[in-house]
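J.: below are the sequence and a predicted model for it; my questions follow.
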Amino acid sequence: FDAILVPGGFGKRGIEGMLRAIEFARTRKVPYFGICLGMQCAVIEYARNVCGLKGANSSEFDSNTAHRVIYKLRELRGIDELGGTMRLGAWTARV
């Protein structure tokens with residue numbers, strides 16, 4: 001393979017497998033592209049394995065995590081249906 005792509009998705013099913021694939025890509029210098037949930041998982045993997053934040057997670061997957069590295073925007077808290085927090089349309093992204 002030439003690269004690993006982890007696309008967007010919904011819910012927490014399969015997250016640990018995605019994190020293992022991301023760690024594989026990072027440690028073996030395989031190009032990685034994370035879209036939406038795939039980018040969120042990359043942040044979680046990096047926080048856990050590079051920054052040493054044991055148990056780092058998204059508040060959407062574990063509301064009790066000691067290290068919340070991904071969290072819902074204030075205006076979206078309380079919206080729990082899958083896909084209900086998606087921002088649709090043309091938005092400026094700052095990286």
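T.: Yes, it's here. Keep in mind that this is a model prediction, so the values were computed, not measured. Numbers count the residues shown, from 1 in each chain.
J.: quick check, central residue of this protein?
T.: Q40 (1.8 Å; C-alpha atoms, centre = their mean).
J.: can you confirm that residue is in a helix?
T.: Yes: using DSSP: H, G, I helix; E, B strand; the rest coil, the secondary structure at Q40 is a helix.
J.: list the contacts for the closest residue to K54 other than its chain neighbours?
T.: Closest residue to K54 apart from its sequence neighbours, by C-beta to C-beta, 6 or more residues apart in numbering: R48 at 6.7 Å. (C-beta placed from N, C-alpha, C; glycine too.) Counting by C-beta atoms under 8 Å, 6 or more residues apart in numbering, R48 makes contact with L19, K54, G55, A56.
J.: what count of nearby residues applies to M18?
T.: 22 (other C-beta atoms under 10 Å).
J.: oh, I was asking about F24
T.: Counted with other C-beta under 10 Å, F24 comes out at 13.
J.: which helix or strand contains it?
T.: helix 15-27 (DSSP states H and E).
J.: by contact count, what packs against that helix?
T.: strand 4-6, strand 32-34, helix 37-49 (3 or more C-beta pairs under 8 Å, 6 or more residues apart in numbering; DSSP states H and E).
J.: list the contacts of that helix.
T.: Contacts of helix 15-27 (C-beta under 8 Å, 6+ apart): 3-4, 6, 30-32, 34, 37-38, 41-42, 44-46, 48-50, 61.
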